[in-house]
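Asks: any chance you could fold what I've pasted below:
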Amino acid sequence: MSDGYPEDVMRRLWRHRWAIFAVLTVGYFFVYFHRMSVSVVGSDIVEEVGGTIGILSSVYFWTYTAMQIPCGLLTDRFGPRVACTVFLVIASAGSLLTFAGTEFWMMVLGKMMIAAGMAVAYVPLMKLISVWFPKQDFAVLSGVVIAVGNVGAIAASGPLSLLAEAVGWRDVFLILGVVTLVLAVACMVVIRDHPSERGLPSTEDVEGSTGDSTKARVPVLTGLRIVMSGGRRFWPCALAYFLVYGSIMTFQGTWAVKYFDSVYDFAISAAWMVTVLGIGKIMSTVAIGALTTRGIIRSKRRAMVLGTAAFALTWVVLFVFAGRIESYGFWFAVSFLFGFFGGFMTLTFATIKEWYPVAVSGTAVSAANIFLFLGASIGTTVSGYIIGTTYSLENFSAVWGLMTVFAMVAVALLLVSREKSSDDPVFGEEEVRERTIEG
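Replies: As a prediction, the model looks like this:
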């Protein structure tokens with residue numbers, strides 16, 4: 001017996017939870033791969049079919065942003081299994097359209113379909129972690145998810161550049177379409193929304209918890225209202241991540257490769273700058289998740305403040321020394337630090353989630369997520385307007401200066417945020433109990 005349950009039951013619970021985690025984490029790898037791909041293959045696409053890199057990048061983020069609240073509501077209402085399966089099929093179709101498209105509007109439509117489909121990946125995964133795993137594992141598992149996503153970002157930099165040179169950018173999207181369709185089938189086969197659907201005990205039963213039920217659901221608009229009325233529990237972190245992630249995607253996801261290729265005359269491909277940036281993010285997200293779970297980092301808020309302050313300093317370096325230092329090694333190191341300190345804001349999700357009942361956890365995460373991608377949407381749109389098709393040092397410097405301000409304001413917002421202590425009650429718990437739908 002283990003925790004009052006037979007050993008075979010606990011083994012089945014362990015196998016199922018990790019199978020579900022593995023399938024969706026692999027899916028999240030491709031979320032980041034798609035998100036970063038424009039930085040590398042965007043030039044090839046617009047050279048063949050026309051259009052601009054800025055539009056190709058920003059349309060992805062605008063669509064992704066528009067899907068954040070719907071995907072959280074759909075996840076809480078219909079369950080992660082259905083949401084993931086349906087929308088990964090849509091993403092697969094978008095990849096195949098990008099492969100076959102002959103005009104720029106087809107590329108844009110394909111990107112929109114990919115973004116809509118991939119948007120419904122992270123929120124269900126966070127919901128399933130909340131349901132299938134012990135609460136204390138959330139920070140480290142969410143860190144692992146972000147780390148795997150950043151492996152996708154790494155794959156979409158230097159390695160994608162090599163792959164596109166070998167098979168062409170169109171065949172890259174053909175491969176992505178097929179792989180995404182396989183993942184959709186895997187979601188339908190493997191995922192279950194609650195352990196009870198496999199005849200297994202819930203996490204609160206195993207742990208003897210008397211907290212809110214992992215099977216509980218509330219009406220979607222009620223959940224959204226509870227989250228949005230969180231005050232300093234929600235808004236400062238959400239707005240800070242809006243600014244930080246907007247600046248990250250402006251640099252890493254859109255302009256970094258074009259900037260280094262246009263302003264400098266490096267013999268080594270600039271795509272590897274984005275690669276090391278992703279490595280930095282992996283290192284920080286895994287480290288802070290593990291340190292938080294083990295209690296070494298006791299204040300997520302303090303960690304985010306310090307990390308984001310250092311991130312702001314890397315933006316100062318990018319802005320002040322733009323075009324002045326011709327060393328590839330110097331900018332390689334700056335790119336690593338950019339990614340490393342940019343990863344500290346991933347603690348936002350654990351910080352916000354702790355304040356809310358499990359019944360609205362999907363909505364809480366998606367509500368925070370919408371600010372990330374709204375920031376990315378605005379950042380890539382504004383930067384696309386400033387830079388256009390004139391890839392000059394002056395234009396890039398103007399964007400870097402704006403992003404530096406974004407990062408500094410983010411630090412100020414984090415300073416006024418509120419972190420949950422062990423004595424604080426869960427926000428909205430009574431209303432959730434009153435409006436709960438079981439099952």
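Asks: what's the helix or strand hosting residue 144 packed up against?
Replies: Taking DSSP states H and E as the criterion, residue 144 maps to helix 138-155. Other helices and strands packing on helix 138-155, by 3 or more C-beta pairs under 8 Å, 6 or more residues apart in numbering; DSSP states H and E, are helix 7-49, helix 122-132, helix 271-293, helix 347-353. In short, each C-beta sits where N, CA and C put it, glycine included.
Asks: ok now it, how far from the chain's centre?
Replies: Its chain's C-alpha centre and that of helix 138-155 lie 9 Å apart, by C-alpha atoms, centre = their mean, to the nearest Å.
Asks: report the angle between it and helix 271-293.
Replies: If you take axes from the mean of the first three to the mean of the last three C-alpha atoms, to 10 degrees, helix 138-155 sits at 170 degrees to helix 271-293.
Asks: surely residue 310 meets residue 341?
Replies: Yes - if you go by C-beta atoms under 8 Å, residue 310 and residue 341 touch, sitting 4.2 Å apart.
Asks: out of these two, which sits in the busier spot?
Replies: Just comparing residue 310 and residue 341: by other C-beta atoms under 10 Å the higher neighbour count belongs to residue 341, 24 against 17.
Asks: what separation do you get for the more buried one and residue 112?
Replies: Residue 341 sits at a distance of 32 Å from residue 112 (criterion: C-beta to C-beta, to the nearest Å).
Asks: and what of residue 294?
Replies: In this view, residue 294 and residue 112 are 41 Å apart by C-beta to C-beta.
Asks: repeat for residue 32
Replies: From residue 32 over to residue 112 the distance is 18 Å, taken as C-beta to C-beta.
Asks: residue 150 now?
Replies: Using C-beta to C-beta, we find residue 150 at a distance of 24 Å from residue 112.
Asks: which one of these two has more residues nearby?
Replies: The residue with more neighbours, out of residue 150 and residue 112, is residue 150; 28 against 20, by other C-beta under 10 Å.
Asks: and the pLDDT for that one?
Replies: With respect to pLDDT, residue 150 scores 78.
Asks: you'd agree it is up against residue 285?
Replies: Yes - with contact defined as C-beta under 8 Å, residue 150 reaches residue 285; the gap is 6.9 Å.
Asks: what ranges of the stretch 101-250 of the chain fall below the confidence cut-off?
Replies: Applying pLDDT under 70 to the stretch 101-250 of the chain flags the ranges 139, 204-220.
Asks: what segments of it are helices?
Replies: Assigned by DSSP state H, counting those that start in this stretch, the stretch 101-250 of the chain shows helices spanning 104-119, 122-132, 138-155, 158-167, 169-190, 203-207, 220-228, 235-250.
Asks: can I get those helices in JSON lines including distance to residue 427?
Replies: Listed next are those as JSON lines, based on distance: least, C-beta to C-beta, whole Å:
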{"stretch": "helix 104-119", "distance to residue 427": "26"}
{"stretch": "helix 122-132", "distance to residue 427": "16"}
{"stretch": "helix 138-155", "distance to residue 427": "17"}
{"stretch": "helix 158-167", "distance to residue 427": "42"}
{"stretch": "helix 169-190", "distance to residue 427": "31"}
{"stretch": "helix 203-207", "distance to residue 427": "19"}
{"stretch": "helix 220-228", "distance to residue 427": "7"}
{"stretch": "helix 235-250", "distance to residue 427": "13"}
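Asks: returning to what we had before: any idea of the angle the helix holding residue 144 forms with helix 122-132?
Replies: 150 degrees.
Asks: and helix 138-155 with helix 7-49, angle?
Replies: Here helix 138-155 points in a direction 30 degrees away from that of helix 7-49 (the same axes, to 10 degrees).
Asks: looking at the helices and strands packed on helix 138-155, which one is packed in the most?
Replies: helix 122-132 (a mean of 27; mean count of other C-beta atoms under 10 Å).
Asks: export that helix as PDB, just CAs?
Replies: Coordinates of the C-alpha atoms in helix 122-132 are reproduced here as PDB (Å, rounded to 0.1, in the frame of the first residue of the first chain):
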ATOM      1  CA  TYR A 122      -0.100  25.800 -22.700                       C
ATOM      2  CA  VAL A 123      -3.300  26.400 -20.800                       C
ATOM      3  CA  PRO A 124      -4.600  22.800 -20.900                       C
ATOM      4  CA  LEU A 125      -1.100  21.600 -19.900                       C
ATOM      5  CA  MET A 126      -1.100  23.900 -16.900                       C
ATOM      6  CA  LYS A 127      -4.600  22.700 -16.100                       C
ATOM      7  CA  LEU A 128      -3.600  19.100 -16.300                       C
ATOM      8  CA  ILE A 129      -0.600  19.600 -14.100                       C
ATOM      9  CA  SER A 130      -2.900  21.200 -11.500                       C
ATOM     10  CA  VAL A 131      -5.200  18.200 -11.700                       C
ATOM     11  CA  TRP A 132      -2.800  15.200 -12.100                       C
END
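Asks: other residues contacting that helix?
Replies: 16-17, 20-21, 24-25, 27-28, 31, 68, 71-72, 75-76, 80-81, 83-84, 137-138, 141-142, 145, 191, 193-195, 202-203, 214, 349, 353, 358, 361-362, 365-366, 369 (C-beta atoms under 8 Å, 6 or more residues apart in numbering).
Asks: and stretch 176-190, by the same measure?
Replies: Here stretch 176-190 makes contact (C-beta under 8 Å, 6+ apart) with 19-20, 23-24, 26-27, 30, 33-34, 81, 84-86, 88-89, 91-96, 99, 117.
Asks: and for stretch 84-91?
Replies: Applying C-beta under 8 Å, 6+ apart, the contact partners of stretch 84-91 are 24, 27, 34, 71, 113-114, 116-121, 124, 180-181, 183-185, 187-188, 191.
Asks: go again using 7 Å as the cut-off
Replies: Where contact means C-beta atoms under 7 Å, 6 or more residues apart in numbering, the residues beyond stretch 84-91 that reach it are 24, 27, 113-114, 116-118, 120-121, 124, 180-181, 183-184, 187-188, 191.
Asks: skipping adjacent residues, who's closest to residue 44 in space?
Replies: Nearest residue to residue 44, sequence neighbours excluded (C-beta to C-beta, 6 or more residues apart in numbering): residue 169, at 4.7 Å.
Asks: what about the one you found, distance to residue 273?
Replies: Separation of residue 169 from residue 273 (C-beta to C-beta): 20 Å.
Asks: ditto for residue 44
Replies: Counting by C-beta to C-beta, the gap between residue 44 and residue 273 amounts to 18 Å.
Asks: figure out how far stretch 325-339 is from the centre of its chain.
Replies: Distance, centroid of stretch 325-339 to centroid of chain: 24 Å (C-alpha atoms, centre = their mean).
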